[in-house]
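> Fold the stuff below for me.
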Amino acid sequence: MKKLPVLAVFATLLLTHLTRADDPLLSWNDTAPKKAIIAFVEKVTKEGSPDFARPEERIAAFDNDGTLWAEKPIYFQFQFAIDRVKALASRHPEWKQQPPFNYILAGDMKALLADEKSMMALMALSHAGMTTDDFNKIVKDWLHTAKHPKTERLYTQMVYQPMLELLAYLRANGFKTFIVSGGGVEFMRCFAEQTYDIPPQQVVGSSSKMKYEIRHAKPVLLRLPEVQFVDDKQGKPIGIETFIGRRPIAAFGNSDGDQQMLEWTMAGSGARFVFIVHHDDAEREWAYDRKSDVGRLDTAWDEALAKGWIVVSMKDDWKTIFPQLSE
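Now for the predicted structure:
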C-alpha cells in the first residue's frame, strides 16, 4: 500500500509528459484559434495534400511589439531610448527646447506618443554616434537590469508563453520564423536569438543609417542620426521583399501597423494563415484596441472581421500569458 502514492506520482508525471508531447500548444485553450493553427500546419506539411508547402516555402513572419512580447505602457525600445536621453541630458542642454527630447525631459509622454515622427527620430538621435558594437553592449546591459514598471519582470521576461510555443511548433514542422517589426532591427537582434530562438539574420526591422570607418586601425560601423528605413505599415511588405525575398505563408500581428503585412501574406497563392492578437485581458495583461496610443487595433480589426481572419483573444484563448519564472 505504501507504494501506491509513488505509483500515483509516477503516473501523474508520465501523463503530464505525454500531454506535453501530444500538445505542442499547451498554453492555448482548446478554442477555435488553436484548432485552426494545428489544422493549417498539418495540411501544409502533409505530403500529398493539395495544400502542401515545400520546406523552403514555409516562411512565418511575426510582429514583435504586442505580438511576441508586451508593449504597454510604452514600447520597450522607446523606454530604452528615454533612459538613454535622461542619462545623456547633462551633456546636451539644447535638448530642453528640442523635440522629441524636451517631451521626455518634461515628462510629457502623451506628446511623445502622439508624434510618430518624433518617436522614430528619438530612436535615431539617441542611439547616434556610437559603433554597432557599443550599441549592442549598451542594449544588452539595459536588458539585463531594466525592469517593467508594472510587473517588475525584466523586459525579456515580458514575452508571451503561447507565442513561444507557436514559434517552436512551427519550427518543429519545418517553418523558418522571422521577426518583421517596426522596432529597431539592431535593438531586436540583441535579444531575439536568446529569447525567441530567432537568429539575427532573420530579424527585419526599422533601421538608422550607418557609415563605415577605420578607428584605431580597426573597421567599425558608426550609427548616424538619420532614419534609413521604417518597417511599419506599408513598410512591412517592402521589408519582407527586400530582406527575406519570399512572401510568408503565415503571419501574425496585433495592430494596424501589421495590417499590410497580413494583407500581403494572404494575397499569395496556396494555403495562407494569419491572425491578430487582441489585447482584451485587463486582469492578466492590458485591455486596449481602437483608441490606444500604443498598439492601436482599429482598421486591421475591421479588415479581420470582414475577411474572416482569426482574432485571438488573450482572455479566452490563452491559458497563460507570461512564462512562469523560476525561483
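
> drop to CA atoms for contacts and neighbour counts, all remaining ones
Noted.

> Could you pull out the helices in the stretch 201-327 of the chain for me?
Secondary structure of the stretch 201-327 of the chain (DSSP state H, counting those that start in this stretch): helices located at 235-239, 259-266, 299-307, 314-317.

> got these as a markdown table, with mean neighbour count, distance to Phe52 and mean pLDDT columns?
Output for these, formatted as a markdown table (neighbours: other CA atoms under 10 Å; distance: least, CA to CA, whole Å; pLDDT from 0 to 100):
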| stretch | mean neighbour count | distance to Phe52 | mean pLDDT |
| --- | --- | --- | --- |
| helix 235-239 | 22 | 24 | 99 |
| helix 259-266 | 23 | 16 | 99 |
| helix 299-307 | 15 | 23 | 99 |
| helix 314-317 | 18 | 27 | 99 |
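
> Using CSV, write out the CA atom coordinates for stretch 318-327.
C-alpha atoms of stretch 318-327 as CSV (Å, rounded to 0.1, in the frame of the first residue of the first chain):
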residue,chain,number,x,y,z
TRP,A,318,-4.7,31.7,-23.8
LYS,A,319,-4.4,29.7,-20.6
THR,A,320,-1.4,31.7,-19.5
ILE,A,321,0.1,35.0,-20.7
PHE,A,322,3.7,35.2,-19.5
PRO,A,323,6.2,32.3,-18.8
GLN,A,324,6.5,31.1,-15.2
LEU,A,325,9.6,32.5,-13.6
SER,A,326,12.0,30.1,-11.9
GLU,A,327,12.6,30.9,-8.3
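
> Report the mean confidence score over that stretch.
Taken as a whole, stretch 318-327 has a mean pLDDT of 92.

> before we move on, which element is Gly174 in?
Using DSSP states H and E, Gly174 sits in no helix or strand.

> per-residue confidence at the nearest residue to it once chain neighbours are set aside?
In space, Gly174 comes closest to Pro55 once its chain neighbours are excluded; the distance is 5.8 Å by CA to CA, 6 or more residues apart in numbering. Pro55 is assigned 98 on the pLDDT scale.

> quick one on the thing from earlier: as JSON lines, the helices of the stretch 201-327 of the chain with distance to Glu152 would be great.
Shown next, in JSON lines, are those (distance: least, CA to CA, whole Å):
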{"stretch": "helix 235-239", "distance to Glu152": "32"}
{"stretch": "helix 259-266", "distance to Glu152": "31"}
{"stretch": "helix 299-307", "distance to Glu152": "31"}
{"stretch": "helix 314-317", "distance to Glu152": "21"}
